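Chemist: Quick one: sequence and predicted model below, then my questions.
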Amino acid sequence: MSVKTTCAYCGVGCGVLADVGPNGVAIKGDPDHPANFGRLCSKGSALGETLGTEGRLLAPQIGDRSAGWDEALDLVADKFSAAIAEHGPDSVAFYVSGQLLTEDYYVINKLAKGFVGTANIDTNSRLCMASTVVGHKRAFGTDTVPGLYTDLEEADTVVLVGSNLAWCHPVLYQRLAAAKAARPEMRVINVDPRRTATCDLADLHLRIAPGGDVALFNHLLAEISERGLVDEAYLTEAVSGFEAALDAARADDVSETGLSDADLAAFVDLWLANEKTVTVFSQGVNQSTSGVDKVNSIINCHLATGRIGKAGMGPLSVTGQPNAMGGREVGGLANTLACHLDIENPDHSKAVQDFWNAPVMPAAQGLKAIDMFDAVERGDIKALWVICTNPAQSLPDADRVRAAIKGCDFVVVSDMYDTTDTAQVADVVLPASGWGEKFGTVTNSDRLISRQRALRAAPGKARHDWEIICGVARRMGFGEAFNYHGPAEIFREHAALSGIAAAFNKDFDISGLAEISDDDYETFEPQHWPVSAVKTGGRFFGDRKFFTEDGRARMVAVSHRPLAQATDEDRPYRLNTGRIRDQWHTMTRTGQTGRLTQHMGEPYLEIHPEDALKLGLAAATLAKVDSPHGSAILRVMISDRVTQGEVFAPLHWTEDTCPTGRVNALVAPNVDKLSGQPESKATPVSISPYKAA
Ligand code: SF4
């Protein structure tokens, strides 16, 4: 019999049917799942090939020896308790992952915020959609995704901004391609400095200058006004801030987009031609020192025209990770609280504290990812727990982050492997179960809650993350609050907690699931949130009511800002980093299958033919890339998919898989001041032919 589960990778959140047989696991798309209706991409369809247990960590590791669970958990609890007793709760930190299941995410947040009393818990989703979270809150009062995937299919114009949907959200791209094939009059605009695979679907490709998005959408807003297309009735009823936003838009310099007048006119004409317009945005928007302003510049245009909350229209952020959204629900970021409540609001904090019967709550935001590892480097963090992620590889300035972790007094890593760059420098590595072994829920980019289900038991002594976290919490003296019997019980508590969201006019309310039985949890079918007495599923804001104090959406005055670092004579090229079609993050799973490795077998540097000529780089030779933060040696790929002066490199390879190809070691740790999200797509670098010594 097929096991119905959810893909391990991107935020599309595809449903998977897994048939476990004597010769392995056969994977198919779930035809009934509302995210994919049976489709899968190359990564999802290869999931069955990634279930090998070779190289798995089978027992807790203390230093270079195996240990029993009791000894390992005692040690972790003692070290954390000692650090807290001596240096206070903010001397410890937790760095977790958008790949955790919601139940795991919930208990680690409960432990950190409610029982340790620190908000020093952040997540690799900081690199993924933190700018959108802040942009949503500024505009809507809450981190609310207004629309649904079906809006892409119902739209007449779809604008993709900083989103290589074809490679990074492939099934959503397939859905869009199918919709466009069925309705050839649909128009697709792709706004991206690179000519990516997504351009195959685009009627118009705007090769925008890096960082030019605010100027582009400000130009659009000014044109909306100029052409008399502002929805005045909508603004009067439901929006504040229009005049200030328009003034800022008019004052902005559209030349910062780097686009021709003809391209700008075509963009404005197409955006305005059809009321049913969806603007999809992803890492090209979020991973920027102006990320939050970019998000608001997009939302401003939808609010000014009333194009939100109805079928086929609205802004839509697509998240990178399978449970980035679930992390947002449980307050998994250092600046958020469970259920979209505000961490610095005493009433919200008190309500959560009362619900948890927790001894203490942090009064202020904690350290966001980049700041957290700066604090680790300074020695301010005495004990660090990294769960289900690999910051020594995946954060910007990765060499410095790795050295900082190595220098930390006590580091615990929970992972399937002890070979990751981070696990290699940890004091204790705890073996965790992985996809195909875990039970729980994830939430995708359009608020769809889906079950992940196990196909087999975890190998060796590996345990589920929630079990490991609760084991430590009990040993720290918090037993009462962490005596769960399984993920269903944790989910019920999470759902019950969400019931207080409505009391504070917040959107995340799944209290209708607070009494779900174990059996119903087991057979739970995908469902969009909210799930409450007031509202179940669907879009938000169709009623023109927002989650701000006055119930009105806010347009935000934003202006173009230059990228954090300019190129110069010494570093004349701008490095853009990102994912490739067939790999996922640091390849711990996708790297196991030869089929996926065939797409791109090694790290590469995509460079324009004129730049390659100038530098004396021939195709398939090696180039040395340097930034003030690190170096990498990458295979040269010559292509006019990048513009002159811009280069692209994928981020997947690690010390283990290609020691010279750690691209994140090059990336500058500049962040958006509001969201803390790093600008991973615009580091000035120098490039030279690599000559082996
Ligand atoms: Fe998995 Fe994303 Fe591919 Fe769907 S699109 S199968 S969720 S990687």
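Modeler: Cool, the structure landed.
Chemist: residues from this structure in reach of the ligand?
Modeler: Taking C-beta under 6 Å from any ligand atom as the contact definition, the chain meets the ligand at 7, 9-10, 12-14, 36, 40-41, 43-44, 169-171. No exception for glycine: its C-beta is placed from N, CA and C like everyone else's.
Chemist: now the helices: where do they sit in the stretch 251-400 of the chain?
Modeler: Counting by DSSP state H, counting those that start in this stretch, one finds helices in the stretch 251-400 of the chain at the ranges 261-273, 283-286, 291-304, 324-329, 346-356, 369-378, 391-394, 398-407.
Chemist: what's the answer for the stretch 501-650 of the chain, then?
Modeler: Assigned by DSSP H, counting those that start in this stretch, the stretch 501-650 of the chain shows helices spanning 518-522, 594-597, 609-615.
Chemist: Quick check: which of those helices is nearest to E646?
Modeler: Go through the helices of the stretch 501-650 of the chain one by one with C-beta to C-beta and the one that ends up closest to E646 is helix 609-615, at 8.7 Å.
Chemist: contacting residues for whatever residue of the stretch 201-350 of the chain ends up closest to the ligand?
Modeler: Residue of the stretch 201-350 of the chain nearest the ligand, by C-beta to the nearest ligand atom: P322 (6.6 Å). The contact partners of P322, by C-beta atoms under 8 Å, 6 or more residues apart in numbering, come to 6-11, 13, 98-99, 442, 444.
Chemist: mind listing the strands for the stretch 551-693 of the chain?
Modeler: If DSSP state E, counting those that start in this stretch is used as the criterion, the strands of the stretch 551-693 of the chain fall at 553-554, 573-578, 604-607, 622-627, 630-638, 646-650, 683-689.
Chemist: and those strands as JSON lines, adding distance to A473, mean pLDDT and mean neighbour count?
Modeler: Below are those laid out as JSON lines (distance: least, C-beta to C-beta, whole Å; pLDDT from 0 to 100; neighbours: other C-beta atoms under 10 Å):
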{"stretch": "strand 553-554", "distance to A473": "39", "mean pLDDT": "98", "mean neighbour count": "26"}
{"stretch": "strand 573-578", "distance to A473": "36", "mean pLDDT": "96", "mean neighbour count": "22"}
{"stretch": "strand 604-607", "distance to A473": "44", "mean pLDDT": "97", "mean neighbour count": "25"}
{"stretch": "strand 622-627", "distance to A473": "41", "mean pLDDT": "97", "mean neighbour count": "20"}
{"stretch": "strand 630-638", "distance to A473": "37", "mean pLDDT": "96", "mean neighbour count": "20"}
{"stretch": "strand 646-650", "distance to A473": "38", "mean pLDDT": "97", "mean neighbour count": "24"}
{"stretch": "strand 683-689", "distance to A473": "39", "mean pLDDT": "98", "mean neighbour count": "20"}
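Chemist: ok, for the residue in the stretch 351-500 of the chain that the ligand sits nearest to, nearest residue in space, not its chain neighbours?
Modeler: Closest contact between the stretch 351-500 of the chain and the ligand, by C-beta to the nearest ligand atom, is at N444 (7.7 Å). In space, and not counting its chain neighbours, N444 is closest to G13: 2.7 Å by C-beta to C-beta, 6 or more residues apart in numbering.
Chemist: ranges for the helices of the stretch 1-150 of the chain?
Modeler: Chain-ordered helices for the stretch 1-150 of the chain, with DSSP H, counting those that start in this stretch as the definition, fall at 42-45, 69-87, 102-109, 130-140, 150-154.
Chemist: coming back round to it: can you flag the weakest of the helices of the stretch 501-650 of the chain by average pLDDT?
Modeler: Comparing mean pLDDT across these, the lowest value falls on helix 594-597: a mean of 86.
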